[in-house]
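**Student:** My questions are about this predicted structure, shown below with the sequence.
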Amino acid sequence: MQSVWKKHHILKKADWANTIPFQFNKTIIVYKLHMPKIKKKKEDHCTRPNRDLLPKDGQGSSSPYVVVDFDGQKKRTSTVQKNLNPVWNEVLEFVVTDPNTMEFEELNIEVFNDKKLSNGSARKNHFLGRVKLYGSQFVKRGEEGLVYFTLEKKSVFSWIRGELGLKIYYYDEMMEEEQQQPPPQEEPPQQQPQEQQQGPEEVMKQPVLVVMEEPPQMQMPTHIGMEPREHSPPLMRVHEPQSENRPPPENNMPPPEYSPDMRRMQMGNGMAGGPMAGERVKVMRRPPNGDYSPRIITGKFSGDTSEKLQAFDLVEPMQYLFVRIVKARGLSQNENPHVKIRTSGHFAKSKPAIVFAIGYNKDTAANSTLEISVWDGASDKFLGGVCFDLSDVPVRDPPDSPLAPQWYHLEGGAADEQNRVSGDLQLSVWIGTQADEAFPESWSTDAPQPFVSYTRPKVYQAPKLWYLRLTIIEAQDLHIIPNLPPLTAPEIRIMGQLGFQSVRTRRGSMNNHTSAFHWNEDLIFVAGEPLEDSLILLVEDRTGKDPALLGHVLIPVGSIEQRIDERHVAAKWYGLEGGPGGNGSYCGRLHLRMCLEGGYHVLDEAAHLCSDFRPTAKQLWKPPVGILELGILGARGLLPMKSKGNGKGSTDAYCVAKYGKKWVRTRTVTDSFDPRWNEQYTWQVYDRSGEERPDCRIGKVRLRVSTLESNKVYMNLYPLMVLLRSGLKKMGEIELAVRFACPSLLPDTCGVYGQPLLPRMHYLRPLGVAQQEALRGAATKIVAAWLARSEPPLGPEVVRYMLDADSHSWSMRKSKANWFRIVAVLAWAVGLAKWLDHIRRWRNPVTTVLVHVLYLVLVWFPDLIVPTGFLYVFLIGVWYYRFKPKIPAGIDIKLSQADTVDPDELDEEFDTFPSSRPPEIVRVRYDRLRILAARVQTVLGDFATQGERIQALVSWRDPRATKLFIGVCLAITIILYAVPPKMVAVALGFYFLRHPMFRDPMPPASLSFFRRLPGLSDRLL
């Protein structure tokens, strides 16, 4: 069949210049920024003081106005006369010239006092404060809310006070560019019919207005010519829609225009991945340091890198043969057509409208051909085929335009003439790399056919999570069970349910004058978008043995008000339904206050491991301080995870990475112990397998972004360690390349270290530790359920492993590790105490004499004490610069106490809750825990005793000791009044540093006196 098919010639890049250019109509997409209600908060709306402006007119007041500057457009509001709490309620509109860079545009809002309305002595408009926002904080129309921003200073010496309330949103508006039309010219009468025939074509050439939320970069489609033949169908360009759940690919996004301060984050000539012009990117290298430590990858990217993609400069380019099958037409009679793709070493079978990625080797594929045939699935009848010579297939490197699919006539052999092969197949073929935008959605021919969709790479976005705060105030007119015993108050409780979350209030209190029940208690839930669930409130009477339902309320979460600050939310009355009376009768009402808190960050991972602390409300987000780029190269020496048959094992490995709300999953490399992924992903840094079974853990690497130096590439080999019931096991190694693109000393970057870790609401209305941990568990379940619905799905076991859902479970190994961490932290204090002891014992006389001299200088010149201390700390930091880490640290086995853990302690760590072990083993572990708790109990008692002895100095529990102590205090007071303090300090210092020949080996009298003071331990039962 191959010899009979007609080979189609595809134009190479050198032939593209001879093709016929396309002419496109101009489309204009205009965004607008809308700013209504730019106002100062009214005095009657204030929820806390100091929100008024400063008086600047010399008469105890101000006449403020606001100047707004955005994208070179400057507008101002009217002036409010003599008012420290002005209200404007004005709308200012701005046109966004480039929607792709709106996220990085600055919005500067400044408040001034109008000098024209002052007392005449003002020479200029006094500055009253400013607010600086970025486009990343803007929201679409309908999602905006009133946000109060604190006015900032312009300089250190400015005195600013007050807040500015803003509502900011954007919306899309279709606008056409006005074109000057030439004056009409008189044409001969014989040309009028021709103009009428051209009318429909002119209509088709009119600009088509397209409104989209995030318009992609307009690219010119490349014209691909093919060998002409008679009755060839017209060329058509078909756009294949993407999946609804999948966001657009990250690698083909146009590079945004950063502000001047952030342009250093761009690592290349217009590309997000390459190094800056004139700036060297250093690769950190270090000799190997054991099997359990990260190692440098040697020999990477050495040699000719002229063909290396700038957008994927952290990974090795891998070539693939892409085949996009769009659709077919005019096929002979069939029932279930399908397409077969065959090369020298690959074979695939699927329906149309699919993109295949076939591994391509330039050396072996020089004389190979690509066969694409169409078959009938019911009768297995050949319907035709197309054959391509791989040496003629064009090579496409982004940012080249995507290849337009072509119509190819299906050919058949001589034996197929009786089948009457007919029809056309629309497809496109090209050679690209993993940087191609078609790669994430392509199907690999190496993957098993039933699970092809489980092997593709994927970028996930975790759901947007909210805290739902429900304040239960009171309930009235409840139908309580009659005939209660005397002096028995009914026990009324309210249980709230949101999905799988269930919280119950405490017992309601009754008022003696009314029959209402009061709680004033907050219940907090975690709600995830889309807000389609309903909040269910059940009123229960638990006075008797069996709880009785008094009514319920069903409230859709989407109807609950959202707030992003601590402003007051009005309470509402809700009628109860489904009470004891039934038949829709009135059974009471509830007084509730509900809101969705947008000012909190919903923790879904441990606080000490959290990568993103941004609040839920987008209006409160701050601009990014850098770009994190991660290249997942591959893995080495993985262990077999499943049985392949005949005593052989195999591993289908994939990698999952997470930063903030963005999750990425590489493609699954099947049946390989040394998989190569070579995929690169990017995150913006703010405030810093196909089988139906759970996926097995192979290992985890955790890197802290703050430990990465700016604009340096780290390429390391990290060990993959897993702690199992049998002990620590090395599962292999993974190759990673990491770069944090960020200006080294940008003020915004350095200022992050001085900003609060959590959003503002966490400090104004903090959540309890136990409550926050319970909400974190609920958030983890919501994220796991959301990602499990994606395609390919991320299993709950993967999400829980990535989020460290079991980080607070009991473990003897973790307790030992934390104890040794405390010992290591206090090691400097122990070392300082030993050094002082050596000094006072004159182990080195020269050093002791120098310490005497330094002590005299500091006593005689006390102003040098603080500068000397900071100078000493500075010198310590400079000294330790020699020992700074050269590469980002991974998992520390020694610090985790994983190499010395006892097998029984490991079995206890992996035990379920409640325990599933036999009673004898549980009893032994309980006894061991009691011994450990007894030691902790003794230590706590000793700490309490020392504090009680200090209190006993003046509490007269020991009268003689108190008399001696206050007498000594009086004597010290008289001495200090009479003797200069410098002389006292010198005497005490020299007495402490006296020679051992003048020392008594027995404890000093002061220590013996303190130890004889009474504590309260003798009063314990």
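**Tutor:** That came through, no problem.
**Student:** Any stretches of the stretch 401-550 of the chain with poor pLDDT?
**Tutor:** 413-420, 444-453, 487, 512-513 (pLDDT under 70).
**Student:** pLDDT score assigned to V859?
**Tutor:** pLDDT for V859: 91.
**Student:** which stretch of helix or strand covers it?
**Tutor:** Using DSSP states H and E, V859 sits in helix 845-860.
**Student:** buried residues in that helix?
**Tutor:** By neighbour count on 16 or more other Cβ atoms under 10 Å, the buried set for helix 845-860 is T848, V851, Y855, L858, V859. For every residue, glycine as well, the C-beta is placed using N, CA and C.
**Student:** What count of nearby residues applies to the closest residue to A475 other than its chain neighbours?
**Tutor:** Take A475 and drop its neighbours on the chain: the residue closest to it by Cβ to Cβ, 6 or more residues apart in numbering is F517, 4.8 Å away. By other Cβ atoms under 10 Å, the residues close to F517 number 25.
**Student:** which ones are touching F517?
**Tutor:** With contacts defined as Cβ atoms under 8 Å, 6 or more residues apart in numbering, F517 is in contact with E474, A475, L478, I492, G508, S509, M510.
**Student:** ok, and for the host helix or strand of the second one, which residues are buried?
**Tutor:** When you say that, I think you mean A475. Taking DSSP H and E as the criterion, A475 maps to strand 465-476. For strand 465-476, burial by neighbour count (16+ other Cβ under 10 Å) applies to L465, W466, Y467, L468, R469, L470, T471, I472, E474, A475.
**Student:** Same list (these) but as TSV, adding distance to G647.
**Tutor:** What follows is the buried residues of strand 465-476, written out as TSV (distance: Cβ to Cβ, whole Å):
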residue	distance to G647
L465	47
W466	53
Y467	54
L468	55
R469	59
L470	59
T471	64
I472	63
E474	71
A475	69
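**Student:** Now flag whichever of those residues is closest to K545.
**Tutor:** A475 (22.2 Å; Cβ to Cβ).
**Student:** hmm, back to that, just the contacts of F517: which are in helices?
**Tutor:** Using DSSP state H, no member of those sits in helices.
**Student:** And A827, what's its pLDDT?
**Tutor:** A827 is given a pLDDT of 91.
**Student:** after the longest helix along the chain comes which helix or strand?
**Tutor:** Secondary structure of the chain per DSSP H: the longest helix is helix 919-952. Once helix 919-952 ends, the next helix or strand along the chain (criterion: DSSP H and E) is helix 959-978.
**Student:** Can you name the next helix or strand after that following helix?
**Tutor:** helix 981-992.
**Student:** What average pLDDT does the longest helix of the chain get?
**Tutor:** In the prediction, helix 919-952 has an average pLDDT of 92.
**Student:** and it with helix 959-978, angle?
**Tutor:** If you take axes from the mean of the first three to the mean of the last three Cα atoms, to 10 degrees, helix 919-952 sits at 50 degrees to helix 959-978.
**Student:** For helix 919-952, name the packing helices and strands.
**Tutor:** If contacts are counted by 3 or more Cβ pairs under 8 Å, 6 or more residues apart in numbering; DSSP states H and E, helix 919-952 sits against no helix or strand.
**Student:** Can you give me the buried ones in it?
**Tutor:** R925, T945, E948, R949, A952.
**Student:** just stretch 772-789 next, same as before
**Tutor:** Here stretch 772-789 shows 772, 774-776, 778-784, 786-787 as buried, counting by 16+ other Cβ under 10 Å.
**Student:** can you give me phi and psi for D389?
**Tutor:** phi -90, psi 120 (degrees, to the nearest 10).
**Student:** could we number from 338 for the rest of this?
**Tutor:** Sure, I'll start counting at 338 from here, so that last one is D726.
**Student:** pLDDT score assigned to it?
**Tutor:** 84.
**Student:** Name whatever forms a beta bridge with it.
**Tutor:** T706 (DSSP bridges).
**Student:** Which of the buried residues of stretch 1109-1126 fall in helices?
**Tutor:** 1109, 1111-1113, 1115-1121, 1123-1124.
**Student:** out of the contacts of F854, which is most surrounded?
**Tutor:** That'd be A812 among the contacts of F854, by other Cβ under 10 Å, with 25 neighbours.
**Student:** Give me the contacts around stretch 1296-1311.
**Tutor:** Contacts for stretch 1296-1311 (Cβ under 8 Å, 6+ apart): A1289, L1290, V1291, S1292, W1293, F1346, R1349, L1350.
**Student:** Going through those, which ones are buried?
**Tutor:** Counted by 16+ other Cβ under 10 Å, these give A1289, L1290, L1350 as buried.
**Student:** re the thing from before, distance to R1002 added to the buried residues of helix 1256-1289, as a markdown table?
**Tutor:** Below are those laid out as a markdown table (distance: Cβ to Cβ, whole Å):
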| residue | distance to R1002 |
| --- | --- |
| R1262 | 38 |
| T1282 | 56 |
| E1285 | 58 |
| R1286 | 60 |
| A1289 | 64 |
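**Student:** and which of these is nearest L886?
**Tutor:** R1262 (42.2 Å).
**Student:** Distance of that closest one relative to F486?
**Tutor:** Look at R1262 and F486: by Cβ to Cβ, to the nearest Å, they are 55 Å apart.
**Student:** what's the answer for M1058, then?
**Tutor:** Distance from M1058 to F486, by Cβ to Cβ: 47 Å.
**Student:** more crowded one of the two?
**Tutor:** Neighbour count, other Cβ under 10 Å: between M1058 and F486, M1058 has more, with 22 against 18.
**Student:** Now do the strands in the stretch 788-937 of the chain.
**Tutor:** 795-798, 802-813, 829-835, 838-841, 846-847, 854-865, 871-878, 885-893, 899-900, 909-912, 926-934 (DSSP state E, counting those that start in this stretch).
**Student:** Tell me where the stretch 1138-1287 of the chain is predicted with low confidence.
**Tutor:** For the stretch 1138-1287 of the chain (pLDDT under 70), the answer is none.
**Student:** circling back to that earlier point, with distance to L1277 added, can I get the strands of the stretch 788-937 of the chain in TSV?
**Tutor:** Converted to TSV, the strands of the stretch 788-937 of the chain look like this (distance: least, Cβ to Cβ, whole Å):
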stretch	distance to L1277
strand 795-798	46
strand 802-813	35
strand 829-835	36
strand 838-841	33
strand 846-847	36
strand 854-865	32
strand 871-878	40
strand 885-893	46
strand 899-900	43
strand 909-912	48
strand 926-934	37
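**Student:** I1258: which of these is closest?
**Tutor:** strand 838-841 (33.0 Å).
**Student:** And the closest one, what does it pack against?
**Tutor:** Going by 3+ Cβ pairs under 8 Å, 6+ apart, strand 838-841 lies up against strand 829-835, strand 854-865.
**Student:** Among the ones you listed, which comes closest to V732?
**Tutor:** With Cβ to Cβ as the yardstick, what comes closest out of these is strand 854-865 (44.1 Å).
**Student:** Please state the offset of the closest one from the chain centre?
**Tutor:** 27 Å (Cα atoms, centre = their mean, to the nearest Å).
**Student:** Nearest residue to the middle of the protein?
**Tutor:** G997 (0.9 Å; Cα atoms, centre = their mean).
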